[in-house]
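1. Return a 3D structure for these sequence lines:
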Amino acid sequence: MTIIMRLKNYFRKLKNNNLIGLYIWNEQRRIKGKSLQKRYSDFEFINKLYLKVTGRTINWNNPQRFTEKLQWLKVFYRNSDMPIVSDKVDVRAFLEQKGYGNLLNEVYGIFDNVDEIDFDNLPERFVLKVSNGSGWNLVCKNKKNISWRLWKKVIRSWQKQDLSWYGREWNYFGLKSRIIIEKYLEDESGELRDYKFFAFNGKVEYVRVDLGRFTTHYQNYYDCKWNFKKFRTSYPNYMDEKIEKPKNFEEMLEIANNLAEGFPHVRVDLYNVNGKIYFGELTFFVSSGFLSFYPDEYDFSWGEMLKLPVPNFNLELLERVKK
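-> Predicted coordinates for the structure are as follows:
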């Protein structure tokens with residue numbers, strides 16, 4: 001077989017196998033991200049990335065937009081709790097200390113690497129997450145349909161990465177990479193609706209409901225009285241039928257406010273399965289600080305709600321930026 005024929009067969013195989021494509025994409029991203037991390041400082045990289053994504057430059061002296069203020073927090077603010085709660089394993093102890101251990105999902109195992117996992121002993125349905133990442137998940141609804149050999153390659157690639165490379169979210173830098181396998185959850189809708197509470201300086205102002213994340217993804221925003229808000233971000237609004245407010249919504253809101261305490265901005269993700277509330281995660285830089293608002297005016301209104309803390313990091317750089 002000639003080299004050309006081998007390459008054709010390889011790319012044909014790649015095209016027909018999404019997992020191989022996912023693995024190669026992750027490896028390419030890892031190599032590029034590691035290189036850029038060495039090449040640019042956080043400040044330089046964030047400036048370049050913000051311009052590339054939004055077409056605008058950041059007003060470091062007087063940030064007004066929500067997206068600008070999140071970049072400012074990346075560069076000039078540190079909070080020792082943020083790396084702890086960004087880790088999907090360590091956050092469990094944080095929840096216990098806060099008195100919310102009852103919100104934690106059942107865990108089947110925590111592993112340092114994928115070779116420690118006995119796939120045959122896992123239940124038919126489970127969720128595998130890499131502890132130092134975001135979106136590095138395997139949602140298994142039927143174990144018979146899982147190509148474990150290929151998934152192991154993808155998971156190994158995830159574990160070689162540092163999420164801080166890609167948007168300079170400092171809270172992920174240097175976190176130990178582990179694998180946590182949890183019970184598969186599904187609510188009465190037949191999926192798992194995600195309730196995301198956006199808190200500004202410790203107070204929830206908006207709630208987003210995500211549904212159809214693995215089919216047709218929709219997002220609706222509400223205020224804390226469950227009034228639908230007529231704007232959107234990454235995905236279209238769901239208007240086919242009314243999304244009912246959960247019966248224990250007030251309890252969810254109280255939990256989110258308590259977990260948001262002490263953070264300038266955080267998104268608290270919760271699930272609600274047949275009336276039982278589960279913790280999802282805490283996210284400090286939603287979409288790595290590049291959330292697109294439609295209409296754009298909400299970037300400013302959200303920015304107005306976020307009062308920046310006293311800077312406590314990169315103070316010399318801050319003084320140079322002011323000049």
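2. pull the longest helix from the chain.
-> Using DSSP state H, we find that the single longest helix of the chain is helix 18-39.
3. gap between that helix and the chain center?
-> Centroid separation for helix 18-39 versus its chain: 18 Å, with Cα atoms, centre = their mean, to the nearest Å.
4. Name the residue closest to the centre of the protein, please.
-> In the chain, the centroid-proximal residue (Cα atoms, centre = their mean) is Ser134; its distance is 4.4 Å.
5. Excluding chain neighbours, what is closest to it?
-> Excluding the flanking residues, the one nearest Ser134 by Cβ to Cβ, 6 or more residues apart in numbering is Leu163, at 6.1 Å. For glycine as for every other residue, the C-beta is placed from the backbone atoms N, C-alpha and C.
6. How many neighbouring residues does the one you found have?
-> Using other Cβ atoms under 10 Å, Leu163 has 23 neighbouring residues.
7. Can you verify my assumption that it contacts Asn132?
-> Yes. The pair Leu163 and Asn132 qualifies as a contact (Cβ atoms under 8 Å) at a distance of 6.3 Å.
8. Now do the SS call for the residue nearest to the centre of the chain.
-> Using DSSP: H, G, I helix; E, B strand; the rest coil, the structure places Ser134 in coil.
9. ok, which stretches of this protein are strands?
-> 107-111, 126-130, 137-140, 179-183, 194-200, 203-211, 218-222, 228-229, 265-273, 276-283 (DSSP state E).
10. Who are the packing partners of the second one?
-> In other words, strand 126-130. With contacts taken as 3 or more Cβ pairs under 8 Å, 6 or more residues apart in numbering; DSSP states H and E, strand 126-130 sits against strand 137-140, helix 148-159, strand 179-183.
11. Just the buried residues of the longest one, please?
-> The neighbour-count criterion (16 or more other Cβ atoms under 10 Å) identifies Trp151, Lys152, Lys153, Val154, Ile155, Ser157, Trp158, Gln159 as the buried residues of helix 148-159.
12. So for that helix, mean pLDDT?
-> In this model, helix 148-159 has a mean pLDDT of 97.
13. now that helix: how far from the chain's centre is it?
-> Here helix 148-159 shows a centroid-to-chain-centroid distance of 20 Å under the convention Cα atoms, centre = their mean.
14. I would like the residues contacting that helix, please.
-> Residues from elsewhere that reach helix 148-159 (Cβ atoms under 8 Å, 6 or more residues apart in numbering): 17, 19-20, 22-23, 26-27, 30, 113-115, 119, 128, 130, 133, 136, 138, 177, 179.
15. Can you go through those residues and name the buried ones?
-> In the contacts of helix 148-159, the ones that pass as buried (16+ other Cβ under 10 Å) are 20, 22-23, 26-27, 30, 114, 128, 130, 133, 136, 138, 177, 179.
16. Mind putting those into JSON lines with distance to Arg65 and pLDDT?
-> Compiled in JSON lines, the buried ones among the contacts of helix 148-159 are given as follows (distance: Cβ to Cβ, whole Å; pLDDT from 0 to 100):
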{"residue": "Ile20", "distance to Arg65": "39", "pLDDT": "90"}
{"residue": "Leu22", "distance to Arg65": "33", "pLDDT": "92"}
{"residue": "Tyr23", "distance to Arg65": "36", "pLDDT": "94"}
{"residue": "Asn26", "distance to Arg65": "31", "pLDDT": "94"}
{"residue": "Glu27", "distance to Arg65": "34", "pLDDT": "95"}
{"residue": "Arg30", "distance to Arg65": "30", "pLDDT": "97"}
{"residue": "Val114", "distance to Arg65": "40", "pLDDT": "98"}
{"residue": "Leu128", "distance to Arg65": "36", "pLDDT": "98"}
{"residue": "Val130", "distance to Arg65": "31", "pLDDT": "98"}
{"residue": "Gly133", "distance to Arg65": "27", "pLDDT": "96"}
{"residue": "Trp136", "distance to Arg65": "29", "pLDDT": "97"}
{"residue": "Leu138", "distance to Arg65": "35", "pLDDT": "97"}
{"residue": "Ser177", "distance to Arg65": "33", "pLDDT": "98"}
{"residue": "Ile179", "distance to Arg65": "37", "pLDDT": "98"}
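17. Taking these, tell me the two that lie furthest apart.
-> Pairwise distances across the buried ones among the contacts of helix 148-159 (Cβ to Cβ) peak at 22.0 Å, for the pair Ile20 and Ser177.
18. how close does the residue nearest to Glu106 when sequence neighbours are not counted get to Val139?
-> Of all residues not flanking Glu106 in the chain, Lys183 sits nearest, at 4.1 Å (Cβ to Cβ, 6+ apart). Distance, Lys183 to Val139, using Cβ to Cβ, to the nearest Å: 12 Å.
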